[in-house]
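Q: Here you go, sequence then predicted model.
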Amino acid sequence: MPQNRFADVRRFESIDSTNRYLLDEARAGAPEGVVAVADHQTAGRGRLGRSWEAPAGANLLVSVLLRPAIDPGDRHLATTAVALAAIDAIRATGVAGVSIKWPNDLVDTAGRKLAGVLAESDLAPAAAADGQPPPVVVGIGINVNWPADESDLPPELAGLAVSVSQLAGAPVDREALLVDLLAALEPRAADLASPAGRARLAGDLRADCTTVGTRVRVDLPDGSFEGTATGISPEGHLVVDKPARGGDEERMRLHQGKLPRRDHAATFPGQRTGD
Ligand code: BTN
């Protein structure tokens with residue numbers, strides 16, 4: 001394991017959820033850098049209350065505990081840091097063409113999902129144990145050796161998911177991928193701590209984000225609209241241009257959301273940051 005802040009790696013043959021485990025550890029005072037990795041999860045968590053399932057021993061199911069001393073409004077960049085580190089690690093296997101589907105999926109050039117990231121925070125005072133910054137646990141599930149091929153996928157995932165081994169054309173060593181991921185995460189985690197580093201994370205997200213330039217549908221508490229994702233702001237927000245009355249465009253920045261699997265229409269559950 002790399003001798004950096006991610007040296008404390010806790011391994012589980014089976015656990016309910018590595019995110020749940022690290023959130024509990026954080027509440028008990030665990031410091032930044034603890035890592036939990038599982039061969040199998042019995043209650044793996046996905047975004048928007050969904051579950052995350054993978055056959056035992058095939059994929060990388062890993063969570064990291066971060067305690068970035070940053071404003072709550074910048075904490076979405078912890079997701080970015082892990083997604084970018086995962087891209088770095090996947091590229092090290094020789095697989096190219098992986099990008100970020102905003103805000104938290106890794107996809108191949110055909111838009112098939114290769115990995116998903118789930119960040120969970122606990123901003124309650126009790127979780128800031130010993131005066132440490134509040135925790136954010138970032139978990140990632142990377143399809144490493146499952147699916148082995150398209151026939152592995154249930155019908156509802158046909159054409160929607162892919163694995164690193166499929167793209168590499170050979171089985172991929174999960175342990176080597178984990179080592180590369182944690183090594184790549186060290187400078188990304190360090191970047192969270194400074195304005196220049198956060199700008200670098202946003203810039204790297206901009207370079208690797210496949211959502212920019214696509215049509216998106218945005219659902220907000222006060223209504224829905226269709227627009228065009230035109231960029232990533234210096235703060236790492238998705239910038240969406242929305243047609244306004246009189247042919248003008250209104251610009252909006254979003255820091256949280258969801259893009260549906262099959263097209264580029266987007267459903268954002270309503271986290272607008274202003275403009
Ligand atoms: C998504 O919905 O796309 C995000 C999936 C995140 C899954 C990972 S697997 C390791 C970590 N532990 C969990 O319970 N979930 C995350």
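A: Good, I have the coordinates.
Q: Every contact and neighbour count from this point should use C-alpha atoms.
A: Noted.
Q: what does the stretch 1-150 of the chain put close to the ligand?
A: Applying Cα under 6 Å from any ligand atom, one finds that the stretch 1-150 of the chain approaches the ligand through 17-19, 44-47, 52, 61-63, 116-118, 139-141.
Q: Could you pick out which of these are located in helices?
A: For these, the ones inside helices are 18-19, with DSSP state H as the criterion.
Q: Buried subset of the residues of the stretch 1-150 of the chain next to the ligand as a ChimeraX selection?
A: Buried residues within these, by 16 or more other Cα atoms under 10 Å, are selected in ChimeraX with:
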select :17,18,19,44,45,46,52,61,62,63,116,117,118,139,140,141
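Q: In strands, which of the residues of the stretch 1-150 of the chain next to the ligand fall?
A: 61-63, 116-118, 139-141 (DSSP state E).
Q: how about CSV for these, with distance to Leu185 added?
A: Compiled in CSV, these are given as follows (distance: Cα to Cα, whole Å):
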residue, distance to Leu185
Leu61, 15
Val62, 13
Ser63, 12
Gly116, 16
Val117, 14
Leu118, 16
Gly139, 13
Ile140, 12
Gly141, 15
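Q: Redo those as JSON lines? Include pLDDT.
A: Putting these into JSON lines (pLDDT from 0 to 100) gives the following:
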{"residue": "Leu61", "pLDDT": "98"}
{"residue": "Val62", "pLDDT": "98"}
{"residue": "Ser63", "pLDDT": "98"}
{"residue": "Gly116", "pLDDT": "97"}
{"residue": "Val117", "pLDDT": "97"}
{"residue": "Leu118", "pLDDT": "96"}
{"residue": "Gly139", "pLDDT": "98"}
{"residue": "Ile140", "pLDDT": "98"}
{"residue": "Gly141", "pLDDT": "98"}
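Q: Closest to Pro31 out of the residues you listed?
A: Ranked by distance to Pro31 (Cα to Cα), these are led by Ser63 at 13.7 Å.
Q: Bridged to the closest residue to the closest one other than its chain neighbours, which residues?
A: Closest residue to Ser63 apart from its sequence neighbours, by Cα to Cα, 6 or more residues apart in numbering: Gly139 at 3.9 Å. With DSSP bridges applied, Gly139 shows beta-bridge pairing to Ser63, Leu118.
Q: I'd assumed Leu118 was in contact with Gly139.
A: Yes. Under the criterion of Cα atoms under 8 Å, Gly139 lies in contact with Leu118, with a separation of 5.2 Å.
Q: got a list of what Pro171 touches?
A: When contacts are counted by Cα atoms under 8 Å, 6 or more residues apart in numbering, Pro171 is found next to 145, 165.
Q: Around Trp102, count how many other residues there are.
A: The burial metric for Trp102, expressed as a neighbour count using other Cα atoms under 10 Å, is 24.
Q: export stretch 70-81 as CSV, just CAs?
A: This file holds the C-alpha atoms of stretch 70-81, laid out as CSV (Å, rounded to 0.1, in the frame of the first residue of the first chain):
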residue,chain,number,x,y,z
ILE,A,70,-13.3,23.4,3.4
ASP,A,71,-16.6,25.2,3.1
PRO,A,72,-19.7,23.0,2.8
GLY,A,73,-20.2,24.5,-0.7
ASP,A,74,-16.9,23.0,-1.8
ARG,A,75,-17.4,19.5,-0.5
HIS,A,76,-18.7,18.2,-3.8
LEU,A,77,-15.1,18.3,-5.0
ALA,A,78,-14.4,15.3,-2.8
THR,A,79,-16.4,13.3,-5.3
THR,A,80,-14.4,14.9,-8.1
ALA,A,81,-11.1,14.0,-6.4
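Q: For the closest residue to Asp108 other than its chain neighbours, give me its contacts.
A: Beyond its immediate neighbours in the sequence, the residue positioned closest to Asp108 (Cα to Cα, 6+ apart) is Val98, lying 4.7 Å away. Contact partners of Val98, counting by Cα under 8 Å, 6+ apart, are 87, 91, 106-109.
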